[in-house]
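>>> coordinates only, sequence not included:
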Ligand SMILES: [Zn+2]
């Protein structure tokens with residue numbers, strides 16, 4: 001048996017630097033983070049937050065003629 005050295009750091013051993021203010025997911029170094037509405041959000045929650053914020057602009061296709 002011999003040792004195989006890893007070239008990339010094992011993400012499972014990485015220590016989270018912060019948590020998402022919406023889902024509570026762990027945020028690691030280098031991860032994309034948005035500060036919206038006074039909270040730190042992960043990428044998935046940012047997309048969901050934006051869709052909720054712009055929900056007043058949401059219509060079904062064919063419902064409004066522009
Ligand atoms: Zn999140």
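Received it, and whenever you're ready, just let me know what you need. Just so it is clear, the model here is predicted, and its values are computed rather than measured.

>>> ok, which residues in this protein are in contact with the ion?
Proximity of the chain to the ion is assessed by C-beta under 5 Å from the ion, with 20, 22-23, 25, 42, 45 identified as the residues in range. For the C-beta atoms, the positions are set from N, CA and C on the backbone; glycine is no exception.

>>> Which of those residues has the largest number of neighbours?
Within the residues of the chain next to the ion, residue 42 tops the neighbour count with 22 neighbours, counted by other C-beta atoms under 10 Å.

>>> which residues sit in contact with the residue lying closest to that one once chain neighbours are set aside?
Computed as C-beta to C-beta, 6 or more residues apart in numbering, the closest residue to residue 42 that is not its neighbour in sequence is residue 20, at 4.1 Å. Contacts for residue 20 (C-beta atoms under 8 Å, 6 or more residues apart in numbering) come out as 26-27, 40-42, 45.

>>> Low-confidence ranges, this protein, go.
Judged by pLDDT under 70, the chain has its weakly predicted residues at 6, 8-12, 65-66.

>>> Quick one: the helices in it, in order.
Secondary structure of the chain (DSSP state H): helices at 43-53.

>>> and residue 61, how many residues sit next to it?
5.

>>> Check residue 60 too.
Residue neighbour count, defined by other C-beta under 10 Å, stands at 6 for residue 60.

>>> That one and the ion, how far apart?
Residue 60 sits 28 Å away from the ion, going by C-beta to the ion, to the nearest Å.

>>> Kindly report the same for residue 58.
In this structure, residue 58 and the ion are separated by 21 Å, where distance is defined by C-beta to the ion.

>>> tell me the contacts of that residue?
For residue 58, the residues meeting the contact criterion (C-beta under 8 Å, 6+ apart) are residue 51.

>>> okay, now the residue lying closest to residue 40 once chain neighbours are set aside: neighbour count?
Nearest non-adjacent residue to residue 40, counting by C-beta to C-beta, 6+ apart: residue 21, 5.1 Å away. Around residue 21 there are 20 other residues, counting by other C-beta under 10 Å.
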